[in-house]
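Chemist: Structure for the following, please:
(2 chains)
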2 protein chains.
Amino acid sequence: MYYMGVDLGGTSIKVGLITEEGNIINKVSGPTEVEKGPEGIINKIVDLIDEVCKLTGIKLEAIKAVGVGIPGVSRDDGLVYFATNLFWTNVPIGQSLREKLGLPVYIENDATVAAVAEFIKGGTKGTNNSIFLTLGTGVGGGLIINKKVYSGSHGIGTEMGHMVIGKNFYDCNCGNNGCWETFVSATAMNKHCIKLLEEGNKSTIIDKVAGERRLINAKLIFDCATEEDEVALLVVERMIKYLAIGIANLINIFDPEVIAIGGGISGAGNLLLDKLKKEIVKTIYVKNMNITEIVLAQLGNDAGIIGSGMYGKMQLEEGQN
Amino acid sequence: MYYMGVDLGGTSIKVGLITEEGNIINKVSGPTEVEKGPEGIINKIVDLIDEVCKLTGIKLEAIKAVGVGIPGVSRDDGLVYFATNLFWTNVPIGQSLREKLGLPVYIENDATVAAVAEFIKGGTKGTNNSIFLTLGTGVGGGLIINKKVYSGSHGIGTEMGHMVIGKNFYDCNCGNNGCWETFVSATAMNKHCIKLLEEGNKSTIIDKVAGERRLINAKLIFDCATEEDEVALLVVERMIKYLAIGIANLINIFDPEVIAIGGGISGAGNLLLDKLKKEIVKTIYVKNMNITEIVLAQLGNDAGIIGSGMYGKMQLEEGQN
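Modeler: Down below sits the predicted model:
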């Protein structure tokens, strides 16, 4: 028997047929046509599922459950409260897909399903309690507690990116000042870099983007930091300082075995990890017991497909819905 | 059958015989003679347990388990990593008590056992996921997730008081700046009040303590705030602002059904609660879904005895040790 994993993103939909062990047999993808609204996107998901079935010669009846990772917040029964990038509010995607497919369907936040993927076959495999963080345009989080997904009593938990950790020079999209993601996301790094350049700090960065500030990105900043560019070093240093503060907060609260870091910024790899670990040791409350391991996430772009499929499996086995 | 609840504090030890339902049949207490070291304190606990047994006519054999709430951090098997006020490090109190009593013994942090008490018969009863916060000299926390105690993979979790949420004018005892408890504990309120007085702000507070700043306390500050004393109002306002920030962080991460607030500061009651709720609504991420209920803890001074006894019951039933 198999599972279907659906990674519904703001720009593309990826669908994969997954084995019981979380391996992808085959996958397809298509654009997320946001302008077609929920119905259009839901139909596209059904089409892509059909396509994978045809490609693999597997019939729908051989699929135990479908999991969908969404860029938003949803309820247990698959109602999406909101998904900002899709312009969705209160979309019953779970119910629609159940009706169209005749299969059990489970909906979860994209960072949470990525946490499942890392737990099943990535950086947090074999642990009881783990946290997955995705550092990209924003900061997302997923929690595994006692080997089960935890996303809160109403599905609106694990918004670690909106944990307030200090005062910042710009406000978060959510309206608050000081949200973690305004210190450590790629967006945050770009904004800090541009601020330092506007303040007249000398840097090779501005030449590398031929004066076009909008082309500045986290990868370029990390690259320039390895070349000892002072602005880049300041941006990376501040980012890592606040990343450590937030991670230490999570360790002080959850005391997990492992925290896995994914998303675009994790591409900085060991440069990020080595500095980060040194900062965390200074910041955690129980200092002589630095037992939470910090690792890079392993599954990259496939985390969404694998995680949503395996989330479907976990929920089915727990007897949800 | 019964449970024995032991509330081991920095100044007193309270021991109570508890029913299956969490009711106290009888209780005794004695001073915590810290100078006698772990062995002296452990013997005192055994003596107090004997005393309760004699008082109630219940034999040790009728006791299913003993739970002990400690002012520190411990491992699953009952090793206390540290308990600052007792000057303990690596004390195997669980093992010692098991040998002396011949009963199953379970050790947990005092805030966590208080969370259990509130969950069994207090403000968070009937919920799946809840948080208990105790606001006193410091800030402690206890977590119930899926109707079970959660204290981390190594017993060092739920240190919410050391979640960094901003910059503060003084450092925390733990060495960091910005820990939540430096904004919202009784100590924090006193320090902020004294700072405002030292800056020359007029207040009736200084007269009420006859010039003795060390007599300033959170209750007095709340009382003066109800009398519209400007310094007291500033202290309460700042405390509530940061209490809301930290609670909103916890809601954004855990999305619990209920958060119960106990400890000395919770004595301010509805004055605190009403203002706090208004602040939290402004701060949480999912603003149109203000579903976490904020309540006052109900069990007061008995929370330690009831909670530790009921913690023993929960652990026994889960088959721990």
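Chemist: give me the residue from the stretch 201-321 of chain A nearest chain B.
Modeler: A:Asp255 (2.5 Å; Cβ to the nearest Cβ). Bear in mind the C-beta positions are built from the backbone N, C-alpha and C, glycine included.
Chemist: pretty sure that residue is touching B:Gly155, no?
Modeler: Yes: contact status for A:Asp255 versus B:Gly155: in contact at 7.2 Å, counting by Cβ atoms under 8 Å.
Chemist: Does the nearest residue to the residue of the stretch 201-321 of chain A closest to chain B once chain neighbours are set aside belong to a helix, a strand or coil?
Modeler: In space, and not counting its chain neighbours, A:Asp255 is closest to B:Gly152: 2.5 Å by Cβ to Cβ, 6 or more residues apart in numbering or on different chains. Using DSSP: H, G, I helix; E, B strand; the rest coil, the structure places B:Gly152 in coil.
Chemist: Might one say that B:Gly152 is in contact with B:Ile145?
Modeler: No: checked against Cβ under 8 Å, the pair B:Gly152 and B:Ile145 is beyond contact range at 11.1 Å.
Chemist: Just the pLDDT for the residue most central in space within chain A.
Modeler: The residue lying closest to the centre of chain A (Cα atoms, centre = their mean) is A:Ala111, at 3.4 Å. We have a pLDDT of 97 for A:Ala111.
Chemist: go on, the one 4 residues further on?
Modeler: If you check A:Ala115, the pLDDT there is 98.
Chemist: May I have the residues that are in contact with A:Leu97?
Modeler: A:42, A:45-46, A:66, A:68, A:78, A:103, A:105 (Cβ atoms under 8 Å, 6 or more residues apart in numbering or on different chains).
Chemist: 6 Å - rerun?
Modeler: The contact partners of A:Leu97, by Cβ atoms under 6 Å, 6 or more residues apart in numbering or on different chains, come to A:Val105.
Chemist: In contact with A:Ala232, which residues?
Modeler: For A:Ala232, the contacting residues are A:221, A:224-225, by Cβ under 6 Å, 6+ apart.
Chemist: switch to 7 Å and redo it
Modeler: Residues near A:Ala232 by Cβ atoms under 7 Å, 6 or more residues apart in numbering or on different chains: A:203, A:205, A:221, A:224-225.
Chemist: Repeat that for A:Thr134.
Modeler: A:Thr134 touches A:111, A:114, A:140, A:262-263, counting by Cβ under 7 Å, 6+ apart.
Chemist: Between those residues, identify the one with the most neighbours.
Modeler: Within the contacts of A:Thr134, most neighbours by other Cβ atoms under 10 Å in any protein chain shown means A:Ala114, with 33 neighbours.
Chemist: near chain B, which residues of the stretch 101-250 of chain A show up?
Modeler: By Cβ under 7 Å from any Cβ of the partner chain, the part of the stretch 101-250 of chain A that sits against chain B consists of A:128-129, A:145, A:150, A:152-154, A:156-160, A:162-167, A:174, A:176, A:178, A:245, A:249.
Chemist: again, 8 Å this time
Modeler: For the stretch 101-250 of chain A, the residues in contact with chain B (Cβ under 8 Å from any Cβ of the partner chain) are A:127-129, A:141, A:145-146, A:148, A:150-160, A:162-167, A:174-176, A:178, A:245, A:248-249.
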